[in-house]
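S.K.: Here's a sequence, model it:
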Amino acid sequence: MREETDLAASRSGRGPEHDVDPIDVPGFVEAIVGAIDVRDVEALRGLVADLHETDLARLLEALPASERPRMIELLGSDFDFTALTELDETVRVQILQELSTQTVVEGLRDLDSDDAVYILEDLDEAEKQEILAQLPIPERATLQRSLDFPEESAGRRMQTEFIALPPFWTVGQALDYIGETDGLPEVFFEVFVVNPTFRLSGSVPLDRLLRTKRGVKIGEVVTADRHVVNVTDDQEDVARVFERYNLISAPVVDEAGRLVGVLTVDDIVDVIQEEADEDLKALGGVAGDEELSDSFWYIARSRFTWLFLNLIAANLASFVISMFEDELQKMVALAVLMPIVASQGGNAGTQTMTVAVRALATRELRTSNAGRIIARELLVGLFNGVVFAVIMAVVVFARFGVADLGFVIALAMIINLVAAALGGILIPLTLNRFKIDPAVSSGPFVTTITDVVGFFAFLGIASLWFQT
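M.R.: Modelled structure (predicted):
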């Protein structure tokens, strides 16, 4: 009885007391696998009937790889292909390659154009063309046109289903058309007004349309769109416009100003999440497209470059240390304390670098305010350097009883934290100026600067001080 209650809760997505992730309900995934193994289509449909597309995607990821295409084939038209847009790219491509072409074609025909393009774009060109060839000519032409736009552009993200009306229609005609016409978008927030050549004149929000008398012409209530997106605009730039102006949707036009699609806020949320995910991974030295489902060899190759750059930086720091081998042999305390200086500088540099990279990504850090931000970071580095210098001087004197050694590490700490602050912001700015992604490339350079400056400052000052 308890298991039946759990499975029922998993299908509805809610438990008796609180929200329940259906994939985590005991026995649910096993019940799905059992239904697939015996080809019990009715039981399978009953289990997944009420799953949201996101939960359906998580179910696919939880299944053994061999069971995923079998489940989709068994469900047939009852499987929501939108769930594939929620999968990791690796899993999605594997599933598509296992499915019959006809199954993929039928699934894509029920999707909005932007979702269909999202699913197709990761396939090999031959596989892509094989699927497109079996679609009706109008749908094929629409998808092919979107696929021809650059990756990560508005043209790739846009939905080509929208409502466009002439300005001489009345509000009554527009409402009748929306209410009686099949094949219109399921979700929309405005209707667009176009001239006979399909050039965009503006839009009418639905709330205004519903509140206007039926006899008024559409052209009299149209508003010129201030935030029109071009098909070639980068998706990250478009996302920034949505965020800045709190947009729900925006029209997309081609080079001639003709309306070709619309971007909605749900598309932009995905873009923001993807871009943030890529930046976060890049700062950690991980490829932006790395996913949990990727193979061992792919992950090992993608991480090699970053680790190799860090190895070069470590060897350079090691070379600096070797320059002061005699001083290290004379005073063991130097060897004990020098990692503290480099580590503190590395942490400070990473903090500054993270803020700078994010500010560059959001266009908050620009040429006009770069000088002020650099000066601020320099002051922050100097202030923290002085504070931690005092702390370390006291700690070193208490630990080793050598006042001069406390002075040496204090001075080195100030120098390295100032260097970390400058390197943390100047390196991303320089890389960005040369069109190199600062999120990907800043880390090894900042690490090298803080290690080399930290070791050289501490050991160099110690060498000069204790020789005098």
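S.K.: how would you label the spatially most central residue of the chain: helix, strand or coil?
M.R.: By CA atoms, centre = their mean, the chain has its centre lying nearest to residue 274, at 1.8 Å. Under DSSP: H, G, I helix; E, B strand; the rest coil, the three-state class of residue 274 is helix.
S.K.: ok, now how distant is it from residue 89?
M.R.: Taking CB to CB, to the nearest Å as the criterion, residue 274 is separated from residue 89 by 11 Å. In this view, the C-beta of every residue, glycine as well, is placed from N, C-alpha and C.
S.K.: returning to that earlier point: state the pLDDT value of the residue nearest to the centre of the chain.
M.R.: As predicted, residue 274 sits at a pLDDT of 86.
S.K.: Tell me who's in contact with residue 192.
M.R.: By CB atoms under 8 Å, 6 or more residues apart in numbering, the contact set of residue 192 is 162-165, 200, 202-203, 251, 259, 262.
S.K.: quick one on the thing from earlier: and the gap between the residue nearest to the centre of the chain and residue 440?
M.R.: Residue 274 sits at a distance of 15 Å from residue 440 (criterion: CB to CB).
S.K.: repeat for residue 460
M.R.: Counting by CB to CB, the gap from residue 460 to residue 440 is 32 Å.
S.K.: Compare these two (neighbour count), which wins?
M.R.: Set side by side, residue 460 and residue 440 show unequal neighbour counts under other CB atoms under 10 Å, the larger going to residue 440 at 21 against 18.
S.K.: In the strand or helix carrying residue 95, which residues are buried?
M.R.: Assigned by DSSP states H and E, residue 95 belongs to helix 89-98. Of the residues in helix 89-98, 90-96 count as buried by neighbour count, 16 or more other CB atoms under 10 Å.
S.K.: Tabulate these in a markdown table, adding columns for pLDDT.
M.R.: Formatted as a markdown table, the entries for the buried residues of helix 89-98 read as follows, by pLDDT from 0 to 100:
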| residue | pLDDT |
| --- | --- |
| 90 | 89 |
| 91 | 93 |
| 92 | 95 |
| 93 | 93 |
| 94 | 94 |
| 95 | 96 |
| 96 | 96 |
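S.K.: Tell me, what's the model's pLDDT at residue 136?
M.R.: For residue 136, the pLDDT comes out at 93.
S.K.: Quick check: closest non-adjacent residue to residue 151.
M.R.: Taking CB to CB, 6 or more residues apart in numbering, and ignoring the residues beside it in sequence, residue 151 has residue 121 as its nearest neighbour in space, at 7.2 Å.
S.K.: what residues are up against that neighbour?
M.R.: Remark: with contacts taken as CB under 8 Å, 6+ apart, residue 121 is in contact with 128, 147, 151, 156.
S.K.: from those, which is closest to residue 304?
M.R.: Out of the contacts of residue 121, the one with the shortest distance to residue 304 is residue 151. That distance is 24.1 Å, counting by CB to CB.
S.K.: State which helix of the protein is the longest.
M.R.: Among the elements of the chain assigned as helix by DSSP state H, the one spanning the most residues is helix 367-400.
S.K.: Just the buried positions in that one, please.
M.R.: Judged by neighbour count using 16+ other CB under 10 Å, the buried positions of helix 367-400 are 370, 373-374, 377-378, 380-381, 384-385, 388-389, 392-393, 396-397, 400.
S.K.: do stretch 102-114 as well
M.R.: 103-108, 111-114.
S.K.: if you look at the residues you listed, which of them are in strands?
M.R.: For the buried residues of stretch 102-114, membership in strands holds for none, with DSSP state E as the criterion.
S.K.: possible to save these as a markdown table with distance to residue 347 and pLDDT?
M.R.: Shown next, in a markdown table, are those (distance: CB to CB, whole Å; pLDDT from 0 to 100):
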| residue | distance to residue 347 | pLDDT |
| --- | --- | --- |
| 103 | 52 | 95 |
| 104 | 49 | 95 |
| 105 | 54 | 95 |
| 106 | 55 | 94 |
| 107 | 49 | 95 |
| 108 | 49 | 94 |
| 111 | 47 | 93 |
| 112 | 46 | 91 |
| 113 | 47 | 93 |
| 114 | 42 | 93 |
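S.K.: Mind putting these into a markdown table with distance to residue 83?
M.R.: Conversion of these to a markdown table gives the following (distance: CB to CB, whole Å):
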| residue | distance to residue 83 |
| --- | --- |
| 103 | 14 |
| 104 | 13 |
| 105 | 17 |
| 106 | 15 |
| 107 | 10 |
| 108 | 13 |
| 111 | 11 |
| 112 | 14 |
| 113 | 17 |
| 114 | 15 |
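S.K.: Let me see the ranges of the strands in the protein.
M.R.: Here the chain has its strands, by DSSP E, at 164-165, 190-194, 200-205, 229-230, 249-253, 259-264.
S.K.: Quick check: which of those is nearest to residue 425?
M.R.: Using CB to CB as the criterion, the shortest distance between residue 425 and those is 31.8 Å, found for strand 229-230.
S.K.: What is the burial count for residue 83?
M.R.: Applying other CB under 10 Å, we find 22 residues neighbouring residue 83.
S.K.: Name all residues that make contact with it.
M.R.: Contact analysis of residue 83 by CB under 8 Å, 6+ apart lists 53-54, 56-57, 60.
S.K.: Buried ones from those, can you make that a PyMOL selection?
M.R.: Here is the PyMOL command that selects the buried residues among the contacts of residue 83 (16+ other CB under 10 Å):
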select buried, resi 56+57+60
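S.K.: out of the contacts of residue 83, which one sits closest to residue 215?
M.R.: Sorting those by distance to residue 215 puts residue 53 at the head of the list, at 41.6 Å, by CB to CB.
S.K.: my read: the closest one touches residue 87, true?
M.R.: No - contact status for residue 53 versus residue 87: not in contact, 10.4 Å apart, counting by CB atoms under 8 Å.
S.K.: Which residues are in contact with residue 139?
M.R.: If a contact means CB under 8 Å, 6+ apart, then residue 139 has residue 109 as its contacts.
S.K.: could you measure it against residue 127, distance?
M.R.: With CB to CB as the criterion, residue 139 and residue 127 are 17 Å apart.
S.K.: Got the domain ranges for this protein?
M.R.: 2-149, 164-282, 296-467 (automatic domain parsing).
S.K.: just those domains: most buried one?
M.R.: When neighbours are counted by mean count of other CB atoms under 10 Å, the highest per-stretch mean among the domains of the chain falls to domain 296-467, a mean of 18.
S.K.: end to end, how far does that domain reach?
M.R.: Across its full length, domain 296-467 reaches 53 Å between end residues, using CA to CA, to the nearest Å.
S.K.: Closest one of the buried residues of helix 89-98 to residue 301?
M.R.: Checking those against residue 301 with CB to CB, the nearest one is residue 90 at 14.2 Å.
S.K.: Verify the contact between the closest one and residue 294 for me.
M.R.: Yes - with contact defined as CB under 8 Å, residue 90 counts as touching residue 294 (5.4 Å).
S.K.: How about residue 382, nearest residue that isn't a chain neighbour?
M.R.: Distances taken as CB to CB, 6+ apart place residue 418 nearest to residue 382, at 5.5 Å, with adjacent residues excluded.
S.K.: residues contacting the one you found?
M.R.: Shown in contact with residue 418 (CB under 8 Å, 6+ apart): 378, 381-382, 385.
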